[in-house]
Every structure is written in structure tokens, then in C-alpha cells.
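>>> Provided below are the primary sequence and the corresponding predicted coordinates.
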Amino acid sequence: MSKTLVIDPKSCTGCRLCELVCSFKKTETYNPARARIRTIVMEDEIAFVPMTCWQCEEPVCQEVCPTGAIGRDEGTDAVIISVERCIGCKMCMMVCPFGNIQSNGAHEPVVKCDLCGGEPECVLFCPTNALQYLPADKFTLARKKRIAEKFRSILEEVEW
Amino acid sequence: MFGWMGTILRVNLSTGKITKEKLDEKMARDYIGARGLASRILYDELPPGTEPFDPANLLIFAAGPLTGTAATSASRYNVVTKSPLTGAIAASNSGGYLPAEIKYAGYDLIIVEGKSEEPVYLWVHNDRVEIRSAKAMWGKGVRETDALIREETDDEAKIISIGLAGEKLVRFAGVINDRERAAGRSGVGAVMGSKNLKAVAVRGTQGIKIKDGAAFREAVLRNMNKIKSGPVTGEGLPSYGTAILVNVINSHGILPTNNFQLGEFHGAEAISGETLARDLLVRNRGCLACPIGCGRVTEINWEGERERGEGPEYESIWALGAACGISDLELITKVNYLCNEYGMDPITLGTTVACAIELFAEGVLTVEETGVPLNFGDGQALLEMTRKTALREGFGDMLAEGSARLAEKYGRPELSMSSKKQEYPAYDPRGAQGIGLGYATSNRGGCHVRGYTIGAEIVAAAVDPLTSAGKAKLLIDVQDFTCVVDSVGMCLFTTFSLGPDDVLPLLNAATGAGYTDESLLQAGERIWNLERLFNLREGLSRQDDSLAPRLLQEALSTGPAKGHVVELERMLDEYYQLRGWDSEGRPSSEKLQALGLE
Amino acid sequence: MKIQFLGLTRQAAGLVHLELEGATVADVLQRLVASYPDLRSHVFDGSRLRPDICILINGRNIRYLAGEATLLDDADTITIFRQVAGGTP
């Protein structure tokens, strides 16, 4: 079963290491403006939400691509853009409902997260596990277990 | 260049001239960046004897070669100028996101000189630089200024600004960036205000180049693991922030209370990190690239309204709390929010109010002068004085001068708990001798982050805090390494888990400058000596390397340090000798030659 | 005597302070970890004290007293916490 990038905003401290290491892996410079992941900072609430491609099962970006440049990586199931076939029309960017495809100018007309071929750099460096890369069933099972534990303690406390 | 961006941005607010200069490679290597490099430029360019508020004073915003990279907690910059509080060199340090943005815009340093006739702000968008009118923001607080400027420039811009305290030339006004992070000490915000510079907005989309990417990445990972497995950086600071120290320092009997009259505070538990975590903490916040995340996002209920902000951290809790005898954590947090909003150093504010309270108790000050009675433990009076100080209203105009000038004016200079006119932070040096020597010799006046010997003396308990033997050597090592850390752009807190051996590979992989163990620490020593030379040139001397008489003459009355005063003179002689300075504290010509400072 | 916990040891023990008797520091620590098993990993590394545990007797670190053999008096306050700031420079 393929893995999913799981995001937990509650654990995020807004350090943006994910942006830094992503940009370094993809551009060999530290430059958050070109990162494929972005931590949204909500100034008034002082809350942080990392945002990156969800690797949709039915990607609209793929549907609209006029050159068929968008496909799926066989190993990771990531939605990936073929640099050779992409003509830089940015239709994919326009239709992504989450804003997770971006244009970095002439050198990178459209870019998105490709899960680093199965070893996401952001996950490796995230200091608080706000980003994790897990088999989907493992993630849901872990959550089930956590909630079940709460259930158990509540139910056992109550006399029927 | 690698690590460094290679360009200095210089803006003259008198003439409106904007220039870009190439960063000299040798100077960069010798002074590293941030604190070191900016100090060198200040030393070279500022005419001796320049008044801090004179347009000729320079205000330098300086990032380091690692700032903006993934290097552990490399979020920092320094704001360097001649201080209006101390008359000595000021290098005030802050993190957040803004410092890195200066690098992404293509610069290592932004030098501001001259004075604008009208309020202005600087808009730096990569290589496009404009001086814009700040009339709409003048008189506004930090948060509103931040919002207004981002609306006028770019929502992605990161903002440095002053609040009302900077505009009003409060001598301990700070410079705030990213709404909540402060280059708080030594009055750098007042210098900004004196130049009619309300803010600097920066947006950059350029990358920082790294000489050896693979080696750098490895070094970052290695250091991150050390940070995460270190007890302080991996557990203590993430769990409780710096406020965990309240109970710890109080347990050691050195939490200065009521203007350093006592070393134990009965209200410590109520203002402790544990209480803060239980009652006010919303979540942790990290500066850029920081795996520690010591920042505390807090929430209070204030006059029926929910208010959210950052802090307070340990020193602020102490200054606004124990120093004034106040044990209301929600009020302390509110005053801390106000300090961020006004752009004002809470350490000097709290300690100056504490000094005023003692003057009041002594009958030197009366309600006629102060407007309201001043008593230890009175939170409402602190709240009132905070606003008045920021606005220089009534008695606040006097408080805005800091405790040294206040106590001097009323004929009781000994009641100011300061060195070189800057107030002490939250450790009574009678029970930690090394930090006493640190306060006395700090190049920016009373301060804990020039040489944090508390780590070795108190918590790690590596050396006995009550003895003065060996403290000169300990302090010198800490001072020099701190110069390095501040200059590369990393956070001082990383030194709880990292040493020179961990910084060296990062710096070399990033810059390719080929530092050795020896040359790196020598750069730190060079920076310390240069700051010293600046201060000597401004007329400071051995007599300024002193402490408030209370710490030298009145022994603590309780706790493990009962009966102790600071054994300063003995430590100071040893310190000068080990530094290679003469008995008046002047670096010898051999020392200067060895450091390339002749 | 009074035992006071700070920070992480307070979390582990689940209480702020308690009264306990013991002749030496070693005695008191053994009684503590027997009663509060979650404290053990904060205090001991195997059979030895963790290098980052701080134990104060009336504000004085036991390193400057007689270590674990330090004799205790009923009026003493013992403060136990993990290193929370500091370390070697």
C-alpha cells in the first residue's frame, strides 16, 4: 500500500524547516519562495498549517493538462509533472482547488510536490512530526487506537 | 559568495541615496557576519564621540552567513548601533522570519545612516529599494504597522518596525520584527526612531548558495539529532520554554526580588513556567529553522476580551514579576504584550519600575512626582507605568530614561541595578559569581546573553556557583563562543547542546571559508576585543566594568548564597590578565596584533 | 522533609511536592522511585543518577555536598528537576 503525507497542524511550530529543506533539495539553494511546501502562518491566531499537494486520486490538474504531462509515479503514486512534456501553460496551476501547484517563473513554470521519490525531505527534517509519511492504513489505525483508548476510559468510568 | 550573499545595502535617509556595496571577502571571513561584521563597520565608520541620536549614528541590520539556511536555529540577525542607553556598542539579537528575508532579498547587511525629515519606511524587494512615506503608520503600534505596510507592499513581506516607544525615543525602545520578535535591549529602537525610520519591509526570492551541499545537509542532520536528544533543547525548552527557569533559579535562592533586595520570591510558583504551561499556553512557536521552538503562544482574558500573543519568556516574567514583587502572571503577560506592541524592552522597563518603587519606599519619590503610589507587588501601577513610559507621559518621561538616569537624578545612583547604565537580567550574581563578572564586563552593559555562565554554574552544575575561582576563564570562553554563534546567525540556545565542533562544519560547508577550530574561536575573540575597543574609544574604562554597590557590599540574607557578595575585583584582575589586557582593561598591543586589530 | 518537583519531574510524579523521610539522598530517591515508578527514568540511568538530573538540598546542588550520601535533616527541602537550561558552552 502506498504512503500518504500526513499533516498535523496542531504539532506545527511554524519553523518552516520543511520549506527550507524542500527548496534546497529541489533548487540547491535555500529559498522558501521556490519550495513545493508552504507553511501558512495565521498571524492573529498564531497558528500554522503546512500546505502541499495532496496527490489527489482524481487530479484535476492531470485532467486539464493539454500535453498529457501530468501522470502518476509508479513507485509512490505521487502526481508528477514531466518536464519534457510540460509547455508551461499553467492550466494545472489555475485549476488546483488547493493552490498547491505553483509557478516559480521562467526556470520552473509549474512545480509541485513529488514526494521526493518516496523519501520526502520535509518529513525527514520536521522536528515535531507535524509532517509524517505513512501507509494510509497505519495512519488511520493509529488514530483509531488513540480514539479507542479515550472511548475505553470514558466507557469504563461510567456505570451502566 | 557562498553562505554570504556578498552585498551590503546602504541607505542614507538624509540624502535619499541608496547604494549597494560588495562585501569584502577578507572582512567577512575575519568577522563572520551579523554581530561581528556590523561591529567592524560601526567601528570603522562612526566618528568617535557621536551622540547616539545624532543623524551620523549608524543603524545596521545584520544577518549572518548561516541565517536563512536550514542550519539549526539559524534565524537570527543583530541590530547594531551606538546605544542611547549605555553610550557603548549595542548589538541586539532577534530571530523570527525577517532576518532570513534580508538574505533572500540579496543582502547580508542593511546599513541605515542619516535622518529623514519626515517619517519613512524602507521597502526592500530584492534589488528594488525605495524610501516611502510612513506618515500613515507613525503613531501606530507594531501590529497595525505590520498590517498597513504589508497592505502597501506585499502580503509576503516581513517587517521590522518600532512602536510608540521608539518614536518617543524611550532609551530602551526595541526593534520588533515579525510582530512579536524583539531585538529588545540597549535602545536600538530609539535610534531607529531618531532617524524617523518607522519600519523596514523586506521581501526576497533569491536563494542562498551553499559551497558543499551534501556536507552541509549532513551537518544539519547531525546537529538536529543532538538538539533533539539534548535534555535542555530536546525536552526542557520545548515543554516549558525559558520560563521553566523561574522555579529553578528561585530554588537556588538567586531570583532577584524587589529590586535585588532579596534572592527568593514567595510568588515564584504563581509566575513559573509550569503555571504558564498549565494556564496560558496555546502552543509552541519556533523561529525559522528551529527544532527547539521555545516561543510560547499564550492567551489571556483581559477585561473580558480574549487576547492572544507571544511570551512572556523567563527574563520578562522576572523583570515584570519578581523584580517588582508582582505575582500575577496574567498581568505580567499583558504587560509583555504591551511591550511588544510599544516596542520596549521589558527587562529594562521592569527593573526601572523596580528602582522607582524602591526610591518611593525610601521617600525619595512621592506621589507628587509619580502620580500614583508605587509599591512592590502592585500590578496595576506597573500597567499604568508601562503605558506612560512608552508615551513619555507624566512620570513615564522619567522612567523612559532607564533606572541609571532615574536614580542619578534623585541622588541615589546606587539603587539602579545596572552596569554601564543597562539593567541586569534575572540572576542574582551573589549566588553565581561568574555571571557577576559577566554583567560587569559585558560590552553592552548588564546582560545575560554576552556570557551565559549560568548554564555551567547553575543547571549543569559543572562548576560551583558560589566560588569565584576559575570563573574568569569560564566567562571568556563563553563570551568568545557567543560572539561566534551570534555572528554566524544561529540562536544562542543551540549552545545548550552544540559546541564549536558542531558549528565549524556547518560554517565551512556553507561558506567554503576554511575556518579551523582555532581560527573560528579566534574570530570570536577578535569580535569581543573590537567591541571593547569601540567602548574604550567612547571613553569607557575599568570603572565602568563594575556592579551596583548592593551586589558588592550587601550580602544575600537567605538561601544557599546567604552571606555572599560578588567578589568582583579579584575576578576582574584575573579576567583582564587572561584577556591579555592591561590593568585598566585596555588590550595590549601584542593581543591586538595577534588578532589583526592593530 | 519536603520534596519539591519542577517541570518534567513534576509531570512524571504527577504532583508538586510531598513530605517524605529518609536518612540520605540515596534513601529518599529509592523511596521516591518505588512510590512513583514514572520518575525512575527521569532520575536514574540504570543504577546511576542521570547526568542531567539536578538535586538540590536547600538550594545547594548535591554535587557540592556529599552527593547521594548527603545526610538529610527533617527541615530540609529537596528540589528535583531535569536540566532545563544551561549546559556546557
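Yes, it's here.
>>> Give me the phi and psi for the nearest residue to B:Glu117 once chain neighbours are set aside.
Spatial nearest neighbour of B:Glu117, chain neighbours left out: B:Asn196 (7.1 Å); criterion: C-beta to C-beta, 6 or more residues apart in numbering or on different chains. (Glycine included, C-beta is placed from N, CA and C.) The phi and psi values for B:Asn196, taken as degrees, to the nearest 10, are phi 60, psi 30.
>>> In contact with B:Asn196: list those residues for me.
Residues in contact with B:Asn196, defined by C-beta atoms under 8 Å, 6 or more residues apart in numbering or on different chains, are B:Leu13, B:Lys115, B:Ser116, B:Glu117, B:Glu118, B:Pro119, B:Val120, B:Ala134.
>>> quick one: pLDDT of the closest residue to chain A within chain C?
Nearest residue of chain C to chain A: C:Gly14, at 16.2 Å (C-beta to the nearest C-beta). The model reports C:Gly14 with a pLDDT of 93.
>>> quick one: what helix or strand has the residue at minimal distance from the centre of chain C in it?
The centroid of chain C falls nearest to C:Ile80 when counting by C-alpha atoms, centre = their mean (3.7 Å). Secondary structure from DSSP states H and E places C:Ile80 in strand C:77-82.
>>> So what's the residue count around B:Gly363?
Using other C-beta atoms under 10 Å in any protein chain shown, B:Gly363 is surrounded by 7 other residues.
>>> Now stretch B:45-54: buried residues?
Residues of stretch B:45-54 classed as buried: B:Leu46, B:Pro52, B:Phe53 (neighbour count, 16 or more other C-beta atoms under 10 Å in any protein chain shown).
>>> Look up how far B:Gly445 lies from the closest residue to B:Lys421 other than its chain neighbours.
Leaving aside its sequence neighbours, B:Lys421 sits nearest to B:Ala404 (C-beta to C-beta, 6+ apart; 3.9 Å). Here B:Ala404 is placed at a distance of 9 Å from B:Gly445 (C-beta to C-beta, to the nearest Å).
>>> Tell me which of the two has more neighbours.
Shown here are B:Ala404 and B:Gly445; by other C-beta under 10 Å, B:Gly445 has more neighbours (30 against 27).
>>> Report the beta-bridge partner residues of the residue nearest to the centre of chain C.
Judged by DSSP bridges, the bridge partners of C:Ile80 are C:Phe5, C:Ile55.
>>> Identify the residues contacting it.
By C-beta under 8 Å, 6+ apart, the residues touching C:Ile80 are C:Ile3, C:Gln4, C:Phe5, C:Leu6, C:Thr9, C:Leu32, C:Val43, C:Ile53, C:Cys54, C:Ile55, C:Leu56.
>>> can I get the residues you listed in CSV with pLDDT, distance to B:Gly585 and neighbour count?
Shown next, in CSV, are those (pLDDT from 0 to 100; distance: C-beta to C-beta, whole Å; neighbours: other C-beta atoms under 10 Å in any protein chain shown):
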residue, pLDDT, distance to B:Gly585, neighbour count
C:Ile3, 97, 46, 23
C:Gln4, 96, 42, 19
C:Phe5, 96, 44, 25
C:Leu6, 94, 39, 28
C:Thr9, 94, 43, 22
C:Leu32, 95, 50, 22
C:Val43, 95, 45, 19
C:Ile53, 92, 40, 18
C:Cys54, 93, 35, 25
C:Ile55, 96, 39, 23
C:Leu56, 96, 36, 26
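>>> Quickly name whichever of the residues you listed is closest to A:Thr67.
In terms of C-beta to C-beta, no member of the contacts of C:Ile80 lies closer to A:Thr67 than C:Thr9, at 62.3 Å.
>>> Near the residue in chain B that chain A sits nearest to, how many residues? Count them for me, please.
At 2.5 Å from chain A, B:Gly207 is the closest residue in chain B, using C-beta to the nearest C-beta. As a burial measure, B:Gly207 scores 20 neighbours (other C-beta under 10 Å).
>>> Tell me how many other residues surround the nearest residue to it once chain neighbours are set aside.
What sits nearest to B:Gly207 in space, not counting adjacent residues and going by C-beta to C-beta, 6+ apart, is A:Thr29, at 2.5 Å. A:Thr29: 16 surrounding residues under other C-beta under 10 Å.
>>> what's the pLDDT at A:Thr29?
98.
>>> That one pairs with what?
Note on A:Thr29: beta-bridge partners B:Lys209, judged by DSSP bridges.
>>> Relative to B:Lys22, how far out is it?
20 Å.
>>> Let me see the contact set for the residue nearest to B:Gly207.
With contact taken as C-beta under 8 Å, 6+ apart, A:Thr29 is in contact with A:Ser23, B:Gln206, B:Gly207, B:Ile208, B:Lys209, B:Ile210.
>>> Same question for A:Gly71.
Neighbour list for A:Gly71: A:Gln62, A:Val79, A:Ile80, A:Ser82 [criterion: C-beta under 8 Å, 6+ apart].
>>> Kindly report the same for B:Phe53.
B:Pro84, B:Leu169, B:Ala190, B:Val191, B:Ser194 are the contacts of B:Phe53 under C-beta under 8 Å, 6+ apart.
>>> Secondary structure element for it, which one?
Using DSSP H and E, no helix or strand contains B:Phe53.
>>> which other helices and strands contact the longest helix along chain C?
Taking DSSP state H as the criterion, chain C has its longest helix at helix C:25-35. Packing contacts for helix C:25-35, counted by 3 or more C-beta pairs under 8 Å, 6 or more residues apart in numbering or on different chains; DSSP states H and E, involve helix C:40-43, strand C:53-57, strand C:77-82.
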